[in-house]
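Asks: Structural data only, the sequence is not supplied:
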């Protein structure tokens, strides 16, 4: 690719990000960058491949991926303590994909993400946005419950990363919402707190990403301010999506 072609592609990419409201693109973690090498980088090397797969073909591929996850034992502790894996639920080509950190006890028992108390609150947040749970895709950074619901470790997130990336490649959401610091940090390769990350858009392979508080945090910190902030984030999302903002006085509760 010539320098002029590179500049043209780069300018077009930046303009697409601006139209989507993206203010920050995380620096890619590559061996060349970490070792301060000067290896040339292909501009769109990390983009999901454009394929002609039909919706039904992608649904079948998702099921095959879920079957593969069931047999995964990369994380020895998680594989030994889980009841079952928790893959993800929802349609392909959704407007929004919500990503949490990991399954909890209810999810481990039922095999579906966000079905406990935090899941019920997430359902109310989705409904407050004028959407239905079955219209969005929901998954987690990890597909197994960490013992005692502890925070996912970096090595566990790395082991599960290929499953997450392939899931997003097949689902193809228009927008992603990261729920909590673990989801935001591991998806976007960031170390910032969720308080600093919320309120703006990021980029994951061309998909606008919004970060906000995890519903479990709202349940633990039962004060009006975090719920108001989540609702502000959801209004920002709806605006970028071109959807009307429903009348909600104090945000979902």
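Replies: Right, received. Where do you want to start? Keep in mind that what you see is a predicted model, and the values were worked out from it rather than measured.

Asks: ok, residue 181 - how many residues close by?
Replies: The tally of other residues near residue 181 (other CB atoms under 10 Å) stands at 23. Yep, even glycine has a C-beta here, placed from its N, CA and C like the rest.

Asks: now swap in residue 67 and tell me
Replies: When neighbours are defined as other CB under 10 Å, residue 67 has 11 of them.

Asks: now do residue 228
Replies: 12.

Asks: in what helix or strand does it lie?
Replies: Using DSSP states H and E, residue 228 sits in helix 224-241.

Asks: Show me what counts as buried in that helix.
Replies: For helix 224-241, the neighbour count (16 or more other CB atoms under 10 Å) marks 226-227, 229-231, 233-238, 240-241 as buried.

Asks: just the helices in the stretch 101-250 of the chain please.
Replies: 105-110, 117-128, 154-171, 181-188, 194-197, 215-220, 224-241 (DSSP state H, counting those that start in this stretch).

Asks: Out of those, which is closest to residue 53?
Replies: Nearest to residue 53, of all these, is helix 154-171, at 8.0 Å by CB to CB.

Asks: Give the other helices and strands that the closest one contacts.
Replies: Of the remaining helices and strands, those touching helix 154-171 by 3 or more CB pairs under 8 Å, 6 or more residues apart in numbering; DSSP states H and E are helix 55-70, strand 96-100, strand 137-140, helix 181-188.

Asks: what would those look like in JSON lines with mean pLDDT and distance to residue 220?
Replies: JSON lines is the format used below for these (pLDDT from 0 to 100; distance: least, CB to CB, whole Å):
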{"stretch": "helix 55-70", "mean pLDDT": "97", "distance to residue 220": "29"}
{"stretch": "strand 96-100", "mean pLDDT": "98", "distance to residue 220": "15"}
{"stretch": "strand 137-140", "mean pLDDT": "98", "distance to residue 220": "18"}
{"stretch": "helix 181-188", "mean pLDDT": "98", "distance to residue 220": "14"}
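
Asks: got the ones you listed as a markdown table, with distance to residue 164 columns?
Replies: Below are those laid out as a markdown table (distance: least, CB to CB, whole Å):
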| stretch | distance to residue 164 |
| --- | --- |
| helix 55-70 | 10 |
| strand 96-100 | 8 |
| strand 137-140 | 7 |
| helix 181-188 | 7 |
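
Asks: out of these, which comes closest to residue 110?
Replies: The nearest among the helices and strands packed on helix 154-171, by CB to CB, is strand 137-140 at 13.0 Å.

Asks: What are the buried residues along that closest one?
Replies: Neighbour-count burial for strand 137-140, with 16+ other CB under 10 Å as criterion, is recorded at 137, 138, 139, 140.
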